[in-house]
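Engineer: Give the three-dimensional model of this entry:
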Amino acid sequence: DHSEDACYGQQPLAFYNHHYGSTCYLPLMIFDGQSGGLIAAVLRPGRRPFGEENAMIMRRVLKRIRHHFPDT
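Structural biologist: Model (predicted):
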């Protein structure tokens, strides 16, 4: 899930997002589907996310999960 994190002033990588109508960051939050626990949070620029960027983040998270839980 992407969540708006509003920014004020001249913060690096804070961009105007038309959907939210504000200058913000759009952190990507990854949750466990069964427990609802937070698995990862990645701070992202406020621009619209691209599929390639999301796929890159998911590859990194899945690699770490597989490393720690090889039989899963």
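Engineer: and residue 41, how many neighbours?
Structural biologist: A total of 12 residues lie near residue 41 under the criterion other Cβ atoms under 10 Å. Any C-beta I mention is one placed from the backbone N, CA and C, and that applies to glycine too.
Engineer: beta partners for it?
Structural biologist: Note on residue 41: beta-bridge partners by DSSP bridges are residue 29.
Engineer: and the gap between it and residue 59?
Structural biologist: Residue 41 sits 17 Å away from residue 59 when distances are taken as Cβ to Cβ, to the nearest Å.
Engineer: the strands in the protein, which residues?
Structural biologist: Counting by DSSP state E, the segments of the chain that form strands are 5-6, 15-17, 22-25, 28-31, 38-42.
Engineer: Out of the ones you listed, flag the one nearest residue 48.
Structural biologist: Checking the strands of the chain against residue 48 by Cβ to Cβ gives strand 15-17 as the closest, at 7.2 Å.
Engineer: strand partners of the closest one, parallel vs antiparallel please.
Structural biologist: Strand 15-17 is paired, per DSSP bridges, with strand 22-25 (antiparallel).
Engineer: Now the residue sitting nearest the centre point of the chain: closest residue in space that isn't a chain neighbour?
Structural biologist: Nearest to the geometric centre of the chain sits residue 28, at 1.4 Å (Cα atoms, centre = their mean). Sequence neighbours aside, residue 42 is the residue nearest to residue 28 in space, at 4.6 Å (criterion: Cβ to Cβ, 6 or more residues apart in numbering).
Engineer: you'd agree that neighbour is up against residue 49?
Structural biologist: No - if you go by Cβ atoms under 8 Å, residue 42 and residue 49 don't touch, sitting 10.4 Å apart.
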